[in-house]
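Asks: The following comprises the amino acid sequence and a computationally predicted model.
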Amino acid sequence: MKVMKYLIFILGISMISCENYLDKAPESDISDKDAFGSFTSFQGFVEEMYNCIMDPDKGGAFNVCLFADETLGPSPYPFDQGDYWGNSGYLFGQSVNTTDGNSRTKRVWEYAWYAIRKANLAIAKIDEEGLFEGTEEERNHLKGQALFFRGWFYFEVCRFWGGMPYIDRMLDPTEDLFAVELSRLNFKETALKMADDFRTAADLLPDHWDLSGPGQATKGHNKGRINKFYALGYLGKAYLFAASPMINEEATGNNAYDPELCAKAAAAFGELLQLADRTGLYRMQSWASWTDCFWRWNNERPGGTECIMMPTIYDRTRVRWSTLGGMVPSSIGMNSGSSADVPTHNHTKNYAMANGLPTNDPESGYDPNDPWTNREPRFYKDILKDGDQIWQTAGADQYAQLYNGGRHRNDINPPSVTGYYYLRYAPLGTGFSASTANGLQAYKPYLRLADIYLMYAEAVNFMSGGGPGAKASNYSITALEALNVVRNRAQLPDLAPRYYADKDVFFEEIVRERAVELAFEGQRFDDLRRWNRNYDPRYLDKTALDFDRGPDGKPINIRERVVIRRTIDKKHNWLPIQVRYTTQYEGFPQNPGW
């Protein structure tokens, strides 16, 4: 019984019944040949793995999925109080159902293990002699997707819970499941196995399905299908995470970057950027259409030219009733209720000034008594402040009243607890109304080209012989130039020379640039932990801006107030694993400190 319990756990299957025809009894009329014999039927099996991808802010309706220092709600987040056992609306707590078309039922843990099991089955079947009948290109598409998904779903589990046993084959219920190969690995060890899968997947997958033979049947509708860019992006990301200080310290005791793994990450990102330059299949979004990365009106799919991987869209109406419901004032009728997820004031200070200098630079011109003037362009596209227009309709809610005693600070329930709202997925403003909200599509990207440039800069900076002026072995631009690509797109000048005097000074600008360019995308929590900065005092306080509104509409009597100091120490690098799993099997211990 103990062995069987572990088998159920490690396959990631909640005991489901009829939703998957491939789980029917042996006497079923569906044979392996029916399921895996042709490209069309085999691809139907692979498609189920796409339906295991979490849409981060829509699980369980709106749920908190930003666990670092960027946002606050009307009540303290459990993570901010040191309670990492909860947040099940995003992380765990659902039986697997890949056919319900409901983003609210999806979670990270259960769906990842289920998809890993499916990926292993797909890999076994594509290599089974005499079963699949199709072209070599079709075979490569199928196997490449399965290998990518196995690596990717391991990455999703491991970035929250740490290293895992890397199951790379179908398990037999009769075999000894207490084997050494099923023991937990550390993150670095697991990431290197992910990297092997991503590397092989990249070698098998097309640049884009629209350009391949198997993709012609769905030409024009292949934007979300796994291709070479996905695999190369996560190949670099697996290496960079494994190279990062927290993960290297876990593996070796050295709280510093692993330069050899940084070089491998840089080469993977360089290969991707070289491919993008050569093909034009992915390119940086123009500044004028930057928000296309995050949202579009009229039920148009966002992502633009830049986003490589986006969440699966299960039900497009959930943007109105989940995303907007948790991010906009409750009084404008977007189904807002108990949630009002808003930016912290401490986070807004990451945005530079219009001259490109950080706010803590004496020459930047930043005035804490006039904090919203002459800020960089992304500030105004991301942050809604007092006096800004909220929506088209005239009345009490047309303009933000976020000053002390203002309507959106005190009179509605829940109010903004910090004095801001954020716009990245909820484009409040002159064009916002109930009718346009019905057609809004807004999603958090998993991987986009700006992130690749910034990770390239980080990896090159810390590889052997690296630094701001260094380049990857296979790409033509320096770490500094990669950072400037992102800055320049945001209408900022090149980084001032004093900020790339050495690799450590330059890294602080990478940290700040990632905080801004990737704000509210779920990257910050991963970044602070892998850098061993999650418990750094610089990132603990979540603050609000209290102020009165002056006669000229500008804030007066300004006071930055600490709302909560996050309760974080080293054990919070990894989330605790639910006790029902760690008590079943000796080779699967709890994370340190829990």
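Replies: All right, it came through fine. Residues are numbered from 1 along each chain as shown.
Asks: What is the burial count for residue 288?
Replies: 7 (other Cβ atoms under 10 Å). C-beta coordinates here come from the backbone N, C-alpha and C atoms, glycine included.
Asks: Could I get the pLDDT score of it?
Replies: As predicted, residue 288 sits at a pLDDT of 98.
Asks: measure it to residue 490 for me?
Replies: As for residue 288, its distance to residue 490 is 12 Å (criterion: Cβ to Cβ, to the nearest Å).
Asks: Output the below-cut-off pLDDT ranges for the stretch 151-300 of the chain.
Replies: Counting by pLDDT under 70, the ranges of the stretch 151-300 of the chain that qualify are 177.
Asks: the helices in it, which residues?
Replies: Using DSSP state H, counting those that start in this stretch, the helices of the stretch 151-300 of the chain run over 187-204, 228-243, 245-252, 259-279.
Asks: Spell out the residue ranges of the helices in the stretch 401-550 of the chain.
Replies: 434-438, 449-462, 479-489, 503-517, 523-530.
Asks: Could you name the helices and strands sitting against the first one?
Replies: Taking 3 or more Cβ pairs under 8 Å, 6 or more residues apart in numbering; DSSP states H and E as the contact definition, helix 434-438 has no neighbouring helices or strands.
Asks: quick one: buried residues of that helix?
Replies: Residues of helix 434-438 classed as buried by neighbour count (16 or more other Cβ atoms under 10 Å): residue 437.
Asks: Which strand residues bridge residue 542?
Replies: On the basis of DSSP bridges, residue 542 is bridged to residue 564.
Asks: so what pLDDT did it get?
Replies: For residue 542, pLDDT reads 98.
Asks: now residue 25
Replies: pLDDT, read off for residue 25, is 51.
Asks: do residue 87 as well
Replies: 75.
Asks: secondary structure class for it?
Replies: Following DSSP: H, G, I helix; E, B strand; the rest coil, residue 87 is assigned to coil.
Asks: Highest mean neighbour count out of the helices of the stretch 151-300 of the chain?
Replies: helix 228-243 (a mean of 27; mean count of other Cβ atoms under 10 Å).
Asks: send the alpha carbons of that helix over as CSV?
Replies: Output of helix 228-243 as CSV, limited to C-alpha atoms (Å, rounded to 0.1, in the frame of the first residue of the first chain):
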residue,chain,number,x,y,z
LYS,A,228,12.6,26.0,-30.9
PHE,A,229,12.4,29.4,-29.2
TYR,A,230,10.5,28.0,-26.3
ALA,A,231,13.1,25.3,-25.8
LEU,A,232,16.1,27.6,-26.1
GLY,A,233,14.6,30.1,-23.8
TYR,A,234,14.0,27.6,-21.0
LEU,A,235,17.3,25.9,-21.7
GLY,A,236,19.0,29.2,-20.8
LYS,A,237,16.7,29.8,-18.0
ALA,A,238,17.4,26.4,-16.4
TYR,A,239,21.1,27.0,-16.6
LEU,A,240,20.8,30.5,-15.2
PHE,A,241,18.7,29.4,-12.3
ALA,A,242,21.1,26.6,-11.6
ALA,A,243,24.0,29.1,-11.7
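Asks: Of the helices of the stretch 401-550 of the chain, which is nearest residue 59?
Replies: helix 523-530 (15.8 Å; Cβ to Cβ).
Asks: List the contacts of residue 522.
Replies: Applying Cβ atoms under 8 Å, 6 or more residues apart in numbering, we find residue 522 in contact with 56, 65-66, 444.
Asks: Kindly recompute the last result at 10 Å.
Replies: By Cβ atoms under 10 Å, 6 or more residues apart in numbering, the contact set of residue 522 is 56-57, 65-68, 70, 90, 159, 444-446.
Asks: Most neighbours among these, which one is it?
Replies: Top of the contacts of residue 522 by neighbour count (other Cβ under 10 Å): residue 57, with 30 neighbours.
Asks: I figured that one was touching residue 321, is that so?
Replies: No. Using Cβ atoms under 10 Å, residue 57 makes no contact with residue 321, being 11.7 Å away.
Asks: in stretch 362-372, what's buried?
Replies: Buried-residue list, stretch 362-372, by 16+ other Cβ under 10 Å: 364, 366, 371-372.
Asks: so where's the stretch 1-150 of the chain shaky on pLDDT?
Replies: 1-28.
Asks: Please enumerate the strands of it.
Replies: 71-72 (DSSP state E, counting those that start in this stretch).
Asks: Repeat that for the stretch 301-450 of the chain.
Replies: Using DSSP E, counting those that start in this stretch, strands in the stretch 301-450 of the chain cover 307-309, 342-343, 383-384, 421-422, 441-442, 447-448.
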